[in-house]
Each structure stands twice: as C-alpha cells, then as structure tokens.
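[1] Coordinates for the following, if possible.
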Amino acid sequence: MPTLRDPIETKIEKKNITKEICGLIWITMEKVEVPPIHNHPLLPFTRFSYKACKGCGYVGYIYGGYHCNELGCESVFHKECADPLPEINHYSHPDHPLKLLINVEPLASCSQCPSSFENGYLCSICDFKLDFRCATRLPLEFILEESTVHEHPIQLSDGTRDGFVQLCKTCKWGVFDAVHYKCNKCDLRFHVECTKLFPQASHVLHPQHPLKLLRCEEAPDYADNKCLLCGNKFDGRIHHCDVCNFTICGGCMENPPPLSVVSPTTHEHQLYLLSKPLGFTCNACGTQADQSPYFCLQCNFMIHWECIDLPRVININRHDHRISYTRRLGHGQNTCGVCRKKVDGFYGGYSCSKCSNYVVHSRCATDEDVWDMIELEGTPEEPEEDAPFEVIDDNTIKHFSHDHNLVINKDGRILHESTLCKACVFQICSDAFYSCENCDFILHQKCANLPRKKRHVCDNLPFTLVTNDTSDETSCDLCWQSFTGFRYECLTRMVTLDVRCGSIREPLVHQSHQHPLYFSKRSSKSCTECGKNMDLDIGSFSCDECDYSLDFKCALLPQKVKWHRYDDHPLYLSCGESSVDGEYWCEACETKVNSKKWFYTCNDCGVILHISCVVGDFSYYMPGSKIGWEEDLVVSNTSMCRPFCYVCNSQCKLPSIVKVVSKADVVLYICSLNCYYNFNRSNNYSSSDW
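    This is a model prediction of the structure:
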C-alpha cells in the first residue's frame, strides 16, 4: 500500500561509519537504510557514474550518491534524490502543498506529463499528481520577470509549438521539451535549463577568467573538439575561455566534478582534480588517457574519473570464483582472463585468491557485459551449490528433474536414433547415459551433471537450469534454434538458452580451426562456415590471431550423429576434409556437396550428407512435442518410406518432421519451419478446422 512519509522519517539512518577528511565526507561501503524511494537497500558510493538518476532522470555524471546493490537492478540516485522532501510547494499547483507518495501501483498518470505515476507528490485535496521527475526537474517559478537570456519577462509554456520545432534563443537547438519558457511579445522559446545560463560566467575549475557561452560550431579553430574535463565530444553548447583555451561542455558547466575526492579502494590519500588535459597512464587500470585526471602529488598517482573507487570484490561471467581488486598485481607474465592481453603488474587489477594465475584488467573486469554490477565486499560467499543429483550407489543416482532413480550405462551401446536425451534433445549415440527403469526418461551422463546455476559469457547475470515442461517449445536466444527439453533461463533479462549453448565455455576448441576461439560481442565478422552476418547483440566465437569466426549455431553442430537410413555407422562432422575421392554427392538429396564446406561423413563407408540434410528445424524437438497449433506434433521420420511434404512436395529427408491431422483425420507432413509457416499463412486458420 502507498504510504505518506512522516517528516521525521526523512533522515537517513546510517549504519556505517562516516569520516570527515579535509572537508569531504567519506562514507564506508556498508548498506544504508534510506527512505523507501526504491524497493531495495541502497549503498553510498563515491564512484563517478555516468547514468540516469532513477529519481530525477538527469543523465550525466553523478559524483557520488547511492546505487542499488541488488542483482539485476542497476538504479543510481543523487544523494538528494534518494532522500526527497516529504512535502513541497510547486508552481504547477499553487493552491495546496504536495506530499510525497511512494511505491504506488504505476496505473495513474502524472498531471504534467504522460508518464505513469509511481513515486512523486500528491495533493491530498485535489486529484493532482506530480511524478518525481517533474517535481525535481521543472522550475519553481512560473514567470521570470528578469533573466540573463532575454530583456522581457518569460513565462512557462506547455502548449504546442505551432506544429514545427522552434529553436531555443540561447543555445540555438530545437525546443523539444513539453515544458519550456516563452516570450509572448517576441514569440521566442527557451529551454528551462538555458534560462539559468549567462553569456559569460565563472567556473569553479577556471576562476581566473569568465567562460563564454557558445554553440559548438562557434568554437574557434584552435579549440579542442571535446570537453577537457569529462572527455566527451561536444554536441550542443560549450563554455570557452579565449585566454587559456579552456573549453568544457554544458554538463560540466552545470554539474562540475568535485575539486577533490577520497577513493579508499584505489588510493590511500586524497586526490585532486587537474583541470587540464594531460596524457597519462592510469595507476588504477594501467590504460593511457588524455583527459583531466585526479592525482596525488605526494605519490605521483594519477587516475581516470571512471576508475575512482573501483569495487573491491566482484563476480564476473568469465570465472567461477570471486575476484578482488588490488592496487598492484605484482610481477609475473600474466594475461587478462577476459581480453587475453598482457596485464602489467605495476598497476591495479583484479585477481582470484583461489586461482593463483587468474588476473583481469580493471576495465575488463568492470565492463557492464562482464560484471554483474554487485559489490560483494563484506558479503559472505554463497555455500557450494548442491549437486544436480543424489548418489544412491556406484551405478544409481536420483536426479532432481525426475521422480525415479536413474542407472548409469557406460558400455558404448548405440541406441536407436529416435531415442533422445531429455535434456539436450539429441541422440545418445555411444555416449554414457543414465536411464530410468520405470519409464523412458534418459539423460546423457554429461547432461545429468549440468549445474543448476551457472554464469555464461553472453550475459553478466547468472542463469538457472529449468527442467519442468520439457515438452514445451521455445527458442534459444544465442543460436535461434527452436527446441524442447532443459534450458537455462535468466528471468531478469528474459534470456533463454538451450543447454548446448548454455554449457559452452571459453576457450572454444573447435576441430575446424587450429586456434582457440573466444566469445565476443564486438566482432563484426560474418560466420566463416555459413556466411551469415554476426548479430552484435548476440555475439560469436572469434579467433584472436586470424580472421575466423563462428556463430553459435555452427559452433555447436553435433560432432557425431546416427542416421540408420543412410549408414549403420555413426556420421562425423567433417570441416572441409574427407577421404572420399572424386565428386561429393549427398546421399539424402542426391545433389553435389561443396567439399570446402562442412558436411557429415562416415569414416568407414564414405557416405556423405549435407549439414542441412542431417540437422533440421525440428532436430531438437522431442518426438510428440506440440508445435504451433494444438493438434500439430513433431514426429520421428525414421521409417524407410519417407512421406512427401504437403507444402514443397519434396520427400521429407530429415529425422524429425511435423504431423498435421485434420478433424476429418486427414494426415499431412511438413518438412521445415518455412513450409510450416507457409502452410499456416495459406490456410490462415488452425489446422484443426479443416
């Protein structure tokens, strides 16, 4: 239920120690009880975070404040936004005061903007609501009788702008905000923020001369094209000193970085801002930069803004143990566990206390794709995860996914190709497996050992193994293959992986390439095997030494399959090599096979098949699984008499196809997803209706 806060409750109850150092307040990194503007406990931080404040919506550097330390929630607050006033008076509703209301079901809308109202201020007399962003970002004055930007009084306006975008008289950029100032005499518009600007103004980091307000295209030729404080490229208004060639962005003008900070993680002394661009090597991360650093004069220590107060203890998705920050890694020929490049031990970095040779660059470890954004200092390590099964005896286990005991079989017995593992939904072949004596439940031995929770290179949050409803179809977000069976899920991100993609680790050693392959979201190469362009949101496996990449679908093609129709022996994946002389012909479709591409072959008989004639759209569906319409099922195509596809009229050659049955008991077969979609589009109704 929403609650009105009592004014007494506005004080933050700090359960940690605060120290005053040279006029600065340093708060140790312990959990702090803050007013419930957020659903989780917040931690104070001195790190410079370039994000949007969850409270006021300001996007830019937040120099200290509060951040959420819950997995999957990366909310950041200014200090004042984490502890809002319990009551305000606002020009938008001058008749009554507004009281703070929090944790409201986001159903109603703010009275000033179309956003849903969740946290904000409410009039207890009228039905007037002001969300927190509008309450903090909108000005408190309705009319500015005098301003530095215009000679006439200017008035707040939230009306339309005559159907076209007008330019702000101050910065010459378009006025897109719903609320802005307007001069009714001159029909001029002004951003709310621009009314606070002066044509010339002093700055705390450049007090000797005033800074001129300019548009970036008005900057002199000799001026830099990026802010000398934050290093961001100019895009909009700038503030420039002709005498000193001192140029900063609007963000640093309004929200300047502090002159000095205390960074207990990265350095023992107070650090001071050098408001001048300087080429230096950051002592905290070991990389070079050409921006304004913070420095310690007595230690000759320099540091990036972004490296101030790095987290001490963290989890990353490339390693099974916690890693800890150290100011100097020490001597040794080490390579980074994320980027594989050399780590200079004279600078700061992360290391594992359990794995003596595992180190990571500071920047690599805290990359948002690698770190789960949770600080673990003072948090006890989680206990060892329970095994996925209970050992009954040397040959028997009780797996958490099944009600009966499972018995091991290691004799290399080759089962029928239609007998599939319940987890990965692929053939058993001659692999060791567990089977149930009471039902048809069967698991590869390796699938029975799948961890119930794990981290994966594709995401910074952990995944959980899901085994219920194994006959329900879904799609893997890495290989895009539709499947049934076990899956790894990250519910926070709504990411689903089949267990083949979910079990992959770095480095990937693939028989098609002489070098190890590593996961990357930054590779713009196309897949070397299939030629498809890589999706940068998904990532791929690439070689550090040469131009070679594989997408997940190609990288995880089964190395061995059994297909009795064409050969009594197992077929093995061949990556462009074969002992067969002469032309290559596919046994299934009777067309040529490109010997330079991948194919399946029998090492004993020389039988050759296309990849697409062995692994199809329904290869990872358990027989009997429903697909699409309720009556449509995936079935095995293992009989010697192959049916013809109703859509493309070709003989169904793949081991799994779709069976469609009408109310009149007319049976049709469909060979691929493409044909299945075309079939449904052409009928435009459920197959059970015809």
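[2] Would you map the helices across this structure?
    Using DSSP state H, the helices found in the chain span residues 79-82, 132-137, 250-254, 362-365, 445-448, 499-502, 552-555, 673-683.
[3] These: which one's closest to S353?
    Of all the helices of the chain, helix 362-365 sits nearest to S353, with 14.4 Å by C-beta to C-beta. For every residue, glycine as well, the C-beta is placed using N, CA and C.
[4] ok so, going back, ok, of the helices of the chain, where does mean pLDDT dip lowest?
    Here the helices of the chain differ in mean pLDDT, and the lowest is helix 132-137 at a mean of 74.
[5] any weak-confidence spans in the protein?
    Within the chain, the stretches falling below the threshold (pLDDT under 70) are 1-36, 103-107, 113-115, 137-140, 158-164, 176-178, 523-524, 577-582, 629-630, 683-690.
[6] circling back: who wins for proximity to Q514 among the helices of the chain?
    Using C-beta to C-beta as the measure, helix 552-555 is the one of the helices of the chain that comes nearest Q514, at 15.4 Å.
[7] Give me the helices and strands touching that closest one, please.
    On a contact count with 3 or more C-beta pairs under 8 Å, 6 or more residues apart in numbering; DSSP states H and E, helix 552-555 meets strand 540-543.
[8] Out of the helices of the chain, the one nearest I392 is which?
    I392 lies closest to helix 445-448 among those, at 12.9 Å (C-beta to C-beta).
[9] one step back: out of the helices of the chain, nearest to D568?
    When the helices of the chain are ranked by distance to D568, counting by C-beta to C-beta, first place goes to helix 445-448 at 24.2 Å.
[10] how about that closest one as CSV, C-alpha atoms only?
    Provided in CSV are the C-alpha atoms of helix 445-448 (Å, rounded to 0.1, in the frame of the first residue of the first chain):
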residue,chain,number,x,y,z
GLN,A,445,25.9,-38.5,-18.4
LYS,A,446,27.2,-35.1,-19.2
CYS,A,447,23.7,-33.7,-19.2
ALA,A,448,23.0,-35.2,-15.8
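[11] residues of stretch 175-187 that come out buried?
    V175, V179, H180, Y181, K182, C183 (16 or more other C-beta atoms under 10 Å).
[12] can you tell me which two in those residues are farthest apart?
    Within the buried residues of stretch 175-187, V179 and C183 form the most distant pair, 15.3 Å apart (C-beta to C-beta).
[13] Show me what counts as buried in stretch 251-269.
    Counting neighbours by 16+ other C-beta under 10 Å, one finds that the buried residues in stretch 251-269 are G251, C252, M253, P256, P257, P258, V261, V262, S263, T265, T266, H267.
[14] How about stretch 146-161?
    Within stretch 146-161, the residues scored as buried using 16+ other C-beta under 10 Å are S147, V149, H150, I154, L156, S157, R161.
[15] Considering these, which is situated nearest to D386?
    Distances from D386 to the buried residues of stretch 146-161, taken by C-beta to C-beta, are shortest for L156, at 60.7 Å.
[16] Skipping adjacent residues, who's closest to I538 in space?
    Taking C-beta to C-beta, 6 or more residues apart in numbering, and ignoring the residues beside it in sequence, I538 has L478 as its nearest neighbour in space, at 5.9 Å.
[17] for the nearest residue to A52 once chain neighbours are set aside, what are its contacts?
    In space, not counting the residues next to it along the chain, A52 is nearest to V59; the distance is 4.6 Å by C-beta to C-beta, 6+ apart. By C-beta atoms under 8 Å, 6 or more residues apart in numbering, the residues touching V59 are K51, A52, C53.
[18] my guess is the second one contacts Y58, does it?
    Yes. Taking C-beta atoms under 8 Å as the definition, A52 is a contact partner of Y58 at 6.8 Å.
[19] between the two, who's got more neighbours?
    A side-by-side neighbour count of A52 and Y58, using other C-beta atoms under 10 Å, places Y58 first with 18 against 14.
[20] Would you confirm that that one contacts H78?
    Yes. Applying C-beta under 8 Å, one finds Y58 in contact with H78, separated by 7.3 Å.
[21] any idea how far L550 lies from L573?
    Applying C-beta to C-beta, to the nearest Å, the value for L550 to L573 is 13 Å.
[22] With that, I have no additional questions.
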